[in-house]
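1. Give me a 3D structure for the following:
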Amino acid sequence: MKMNHSSVDCWPTKEQELLLKAALFSGSPCLSAWEAWKNHVDIEELDDGSHRLLPLAYRNLFRQGVKDPLMTRLKSVYRYMLAKNHLMFHSIIPILQSFENMGIPTMLLKGSALTILNYKNFGLRPQLDIDVLVPPNKAKEAVLYLLKIGWKSEYNFPVDKLLHFRHSCGFDGGAHKRLDLHWNIFLECREIDDDTDFWKRSVPVQLDGCKTRSLNASDQFLHTCIHGVKWNTVMPCRWVADAMTILDTAGTQIDWNEMMIQARKRKLTLPLRESLHYLRDIFDASIPDEYIQKIDNINVSLYERLEFRTMVKKKNKIFGNLFKFTFMYLRIPYHTNIFRRIIEFPKFLQVLWKIENLWLMPFILIVDTIQRNFVGEKTNNSEG
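-> Numbers count the residues shown, from 1 in each chain. Take a look at the predicted model:
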């Protein structure tokens, strides 16, 4: 049964859909969406997810010949992102070169790869960091190198513990130097060989002469959809722009059958299925009918349905994200008995929540529950 997207928390709001259409469509559909969006929002009170779409909206509206006082505001956001992204990309080149010299293969993920291969403009795709993937067996070496040269990890834990419980880690080098180091592409797929297929099919890319790699078009589209269709405090509506841009610039390169095989293999059929329906139903994406029918006919287990329903919903008022974290934990590969899995769950939460001392966890949970049910409720109301 197809999900009612308007009733689920991870999907863009109606206002965000209008802004996306203004940023992606052409002609009268673009102009109509832009006028409707202006009438529904106050740009001074814009949510972060929508704000990140403004550079793309500016470029598209400019191409449509739109004359509007707000275009000056959009242009300033675009120019700021252009300068910021140039600084971030430039800062990562020495890291990529060092990894290459150390024999550590690298692959650009998400916005960094999309900027080079699909957007082809450093100002259109805002980024908080540059996402770089290394093979799991090289992750420890890569982490230790970054720490050695002075980059600060967002997780102050032993490297082995970090690698076991996480699929990525953010590093800060100061002055717009932000790197998100991945050793697994998906947080749901943590086996040592889960990314082997992606590495084999990856394509070479260059960043100012520095050689690295990126996912091919099919895998890039899959990653975009799976990563985007989850609830987040910042509404991840940008994934729609990413997916539509991939279809527009590399749609003929997508192997739909292979993409569905990879999703099914990783028990990720549902997020892919729902994202395909959403893109076609709301944005008239050019997704062949035969593949929509094929993915609709794939049987999905009850466990996968429960996992998906949990990951796309907001925090529970009583339990917070505990159910989400439980499903995340169950995705971590263990080759030991059930008792160790149970015992190590608090350690997983400790890393996830960045709690230095494990014994502090009960007190932090109590405070978080109070804030979520009292302080948090007031905050949510004030935000509309």
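2. got the contact list for stretch 36-49?
-> By CB atoms under 8 Å, 6 or more residues apart in numbering, the surrounding residues in contact with stretch 36-49 are 12, 14-16, 18-19, 22, 50, 54, 70, 73, 234-238. From N, CA and C alone the C-beta is placed, and that goes for glycine too.
3. try 7 Å this time
-> 15-16, 18-19, 22, 70, 73, 234-238 (CB atoms under 7 Å, 6 or more residues apart in numbering).
4. Show me which of the residues you listed are buried.
-> For these, burial is judged from neighbour counts taken by 16 or more other CB atoms under 10 Å, and it is met by 15-16, 18-19, 22, 235-238.
5. coming back round to it: and which of the contacts of stretch 36-49 is nearest A263?
-> For the contacts of stretch 36-49, the minimum distance to A263 (CB to CB) is 18.4 Å, reached by P236.
6. in terms of contact, does the closest one touch G228 like I think?
-> Yes. P236 is in contact with G228 according to CB atoms under 7 Å; the separation is 5.1 Å.
7. for the record, mean pLDDT for stretch 50-64?
-> When the per-residue pLDDT values of stretch 50-64 are averaged, the result is 96.
8. scratch that, stretch 132-143
-> For stretch 132-143, the mean pLDDT works out to 97.
9. and it, how far apart are its ends?
-> 12 Å (CA to CA, to the nearest Å).
10. buried residues in it?
-> Those would be 132-136, 138-139, 142-143, for stretch 132-143 by 16+ other CB under 10 Å.
11. Among these, which are located in helices?
-> Secondary structure assignment by DSSP state H places 139, 142-143 of those in helices.
12. Serialize the residues you listed to JSON lines and add fields for distance to L114.
-> As requested, these are exported to JSON lines (distance: CB to CB, whole Å):
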{"residue": "A139", "distance to L114": "23"}
{"residue": "A142", "distance to L114": "22"}
{"residue": "V143", "distance to L114": "25"}
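13. Return the member of those nearest to I104.
-> A142 (5.6 Å).
14. In contact with the closest one, which residues?
-> 99, 104, 134, 181.
15. So for the host helix or strand of the last one, mean pLDDT?
-> Secondary structure assignment for L181, by DSSP states H and E: strand 178-182. In this model, strand 178-182 has a mean pLDDT of 97.
16. Downstream of it, the next helix or strand is which one?
-> Per DSSP H and E, strand 178-182 leads on to helix 196-201 as the next helix or strand towards the C-terminus.
17. In its sheet, which strands sit next to whichever helix or strand comes after that following helix, and in what direction?
-> Heading C-terminal from helix 196-201, the first helix or strand you meet, by DSSP H and E, is strand 203-207. Based on DSSP bridges, the strands next to strand 203-207 in the sheet, each with its direction, are strand 210-214 (antiparallel).
18. Check the offset of the partner strand from the chain's centre.
-> 20 Å (CA atoms, centre = their mean, to the nearest Å).
19. Once you drop chain neighbours, what's closest to V312?
-> C10 (4.1 Å; CB to CB, 6 or more residues apart in numbering).
20. likewise Y119?
-> The shortest distance from Y119 to any residue that is not its chain neighbour, by CB to CB, 6+ apart, is 5.0 Å, and that residue is R125.
21. mind listing what's buried in the longest helix along the chain?
-> Longest helix of the chain, by residue count under DSSP H: helix 70-101. Under the neighbour-count criterion of 16+ other CB under 10 Å, helix 70-101 has 74-75, 77-78, 81-82, 84-85, 88-89, 91-92, 95-97, 99 buried.
22. now do stretch 108-127
-> Using 16+ other CB under 10 Å, the residues of stretch 108-127 that count as buried are 108-119, 121-127.
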